[in-house]
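*Asks:* Test case, fold it:
(chains A and B)
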Amino acid sequence: MNENISRLMDGEVEDVEFERCVAELKSAEAMRTWMCYHVIGDHLRGGYGMSPKFSLSLSQALAAEPTVLAPPPRRVTQPATFAWAVAATLAAVTVVGWTAFSMIEVPPTAVARARDAASVRAAQVKPTGDVPAEYLLAHQEYSPAFAIQGGGPYLRAATATAAPDAAPSAEPRQ
Amino acid sequence: MMHTWGAPARRVGARLLVVAAVLASPAVHGQGFAAQWLTRVTQAARSLNYTGTVMVRQGARFDTFRLAHQFENGQESEKLLSLDGPAREIVRSATEVRYYFPDAKIVQIEPRSIRNVFPSLSPEQTANLAQYYEFKLSPGGRVAGRVTEMAVFEPRDGLRYAHRFWADPTTGLLLKSRLVNEKGEVIEEFAFNDVTVNAKIDKDMVKPSWTAVPDDWKVVQAGPGELVMNDTGWTVNKLPPGFIKISEGFRKLAGKRDPAAHLVFSDGLVAISVFVEPFTVTQTQVGLTQTGGLAQYSTRSDAFRVTVVGEAPPATVRQIAQSVSRKTPN
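*Replies:* The predicted structure is shown next:
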């Protein structure tokens, strides 16, 4: 459970697990852990701790939330899953963030920082694969930092097109 | 938070920057120094004859190549031969680039020679390089048996990566480079394991292993089409500071039917490409992909698919992708 709380805070929880992880926070013990982790994090970052009443307010807000008992959605395709993961992460951060910040008084700078962190984190969701060859091939010539290498941008193209099927396949004509 | 500067404001900003740099004399020295160093190393990679074994690491992927580079009568010729993984051979001449895939019996021909874009930096790029990266030169230890000098470009904000380069101080040839992310992790690396500079390069060393394409091979004319310079009508509203547009036009992408708008921005060290194409149902993928230090983010904007590719952190690439819009008529 503690691991899930940590992953939730780090934005590493997948959309299918998200509801369950939030449901876990409804227990008093989980809430204490969650609070504790945040206080540790805030102090490590040199920020302010949360107000003493914060965990109480949040657990009340969570208790008021209905528990979702629907089965987790089946994974369809990788891109769709990824898109939803981004959306869910953003939504989660936004909802939790908004709820949290509306209940306590925090300096506006902290809100801005948290919002920046959330937006960066959403972009740090694990990439789904390699950069498609057609974009890489068109882009590669422009980067000064790679023009200075022996072999230059071709080294990248060589690794990008390593798989036989990577010789760009024609898009079906419409 | 990023600010959206209009073009005139940016131009004025750049001029102020130059004035400020002139007033502070050490900055002038540093500013020119970083650009001069880059230009020298770029020229060396082009105009020297060299051969060696090159290691390339992108994220978790690792490849080794045999490299031969010839500069003769003002023309570059180059051959890369993969030593591990699937067999690949890349041969570049003055007029074309050929990618040979013997296992798949495919040769991909790109009828043009690239690496024609970065001869030197504009004064504005030179100024940006100094403003957004801290440049340091120091002794770099040995690489491929040679004593090196190490150049470090440390970003002054979180919107770009750090770059470390090791070069041969005598010839200027780059022997090793590293791209380092905000966590200090090396996400892309290039290094010569052994190298001979000013080597005698025979014609055969930079020629394909096959004099003619074997009959049972498939020939793919698949390079990106030439860029037709033009105003595309697209603009980036949240461009990270220090990036300026270095190219804009339309081109065909490999394997695609419709031409794409292609805008390129550079901060003097890396480039970020913006592609805008009609959104098709056959190509619905959106989101992030990453190959070593190269990140790509695609998003849908009404009837268009916006794709941003560059040597920058995913958050930077994503921010650009999400701020691409049609230029509003004046």
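
*Asks:* how about the strands in the stretch 151-300 of chain B?
*Replies:* B:162-167, B:174-180, B:186-197, B:218-221, B:228-229, B:234-236, B:244-251, B:260-266, B:271-278, B:287-291, B:294-301 (DSSP state E, counting those that start in this stretch).

*Asks:* Could you tell me the least trusted of those?
*Replies:* Ranked by mean pLDDT, the strands of the stretch 151-300 of chain B bottom out at strand B:228-229, which scores a mean of 80.

*Asks:* Is chain A within reach of that one?
*Replies:* No: interface with chain A: strand B:228-229 contributes nothing (C-beta under 8 Å from any C-beta of the partner chain), its closest point being 12.9 Å away. Glycine gets a C-beta too; all of them are placed from N, C-alpha and C.

*Asks:* Adding mean neighbour count and distance to residue B:107, write the strands of the stretch 151-300 of chain B out as JSON lines.
*Replies:* Shown next, in JSON lines, are those (neighbours: other C-beta atoms under 10 Å in any protein chain shown; distance: least, C-beta to C-beta, whole Å):
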{"stretch": "strand B:162-167", "mean neighbour count": "22", "distance to residue B:107": "33"}
{"stretch": "strand B:174-180", "mean neighbour count": "22", "distance to residue B:107": "29"}
{"stretch": "strand B:186-197", "mean neighbour count": "20", "distance to residue B:107": "25"}
{"stretch": "strand B:218-221", "mean neighbour count": "13", "distance to residue B:107": "6"}
{"stretch": "strand B:228-229", "mean neighbour count": "12", "distance to residue B:107": "26"}
{"stretch": "strand B:234-236", "mean neighbour count": "20", "distance to residue B:107": "34"}
{"stretch": "strand B:244-251", "mean neighbour count": "17", "distance to residue B:107": "22"}
{"stretch": "strand B:260-266", "mean neighbour count": "25", "distance to residue B:107": "25"}
{"stretch": "strand B:271-278", "mean neighbour count": "24", "distance to residue B:107": "26"}
{"stretch": "strand B:287-291", "mean neighbour count": "23", "distance to residue B:107": "23"}
{"stretch": "strand B:294-301", "mean neighbour count": "22", "distance to residue B:107": "25"}
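
*Asks:* Quick one: closest of those to residue B:317.
*Replies:* strand B:294-301 (4.5 Å; C-beta to C-beta).

*Asks:* Tell me the helices and strands packed up against that closest one.
*Replies:* Contacts defined by 3 or more C-beta pairs under 8 Å, 6 or more residues apart in numbering or on different chains; DSSP states H and E place strand B:294-301 against helix A:133-139, strand B:287-291, strand B:304-310, helix B:314-321.

*Asks:* Can you lay out the ones you listed as a markdown table showing distance to residue B:249?
*Replies:* Conversion of the helices and strands packed on strand B:294-301 to a markdown table gives the following (distance: least, C-beta to C-beta, whole Å):
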| stretch | distance to residue B:249 |
| --- | --- |
| helix A:133-139 | 11 |
| strand B:287-291 | 24 |
| strand B:304-310 | 16 |
| helix B:314-321 | 18 |
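
*Asks:* and of those, who's closest to residue A:6?
*Replies:* helix B:314-321 (21.8 Å).

*Asks:* Where does pLDDT dip in the chain?
*Replies:* Unless you meant another one, I'm taking chain A. Low-confidence segments of chain A (pLDDT under 70): A:1, A:7-19, A:21-22, A:36-55, A:58-59, A:61-128, A:153, A:159-174.

*Asks:* actually chain B
*Replies:* B:1-31, B:112-120, B:222-223, B:281-284, B:330.

*Asks:* if we can go back for a sec, who wins for proximity to residue A:27 among the strands of the stretch 151-300 of chain B?
*Replies:* strand B:287-291 (34.0 Å).

*Asks:* Is that closest one in proximity to chain A?
*Replies:* Yes: on the criterion C-beta under 8 Å from any C-beta, strand B:287-291 is in touch with chain A at B:287-291.

*Asks:* Quickly run through the sheet partners of that strand, with directions.
*Replies:* strand B:294-301 (antiparallel) (DSSP bridges).

*Asks:* Quick one: residues in contact with the strand it pairs with.
*Replies:* Strand B:294-301 has contacts (C-beta atoms under 8 Å, 6 or more residues apart in numbering or on different chains) with A:123, A:127, A:131-132, A:135-136, A:139, A:156, B:58, B:188, B:276, B:279, B:285-290, B:305-314, B:316-318, B:320-322, B:324-325.
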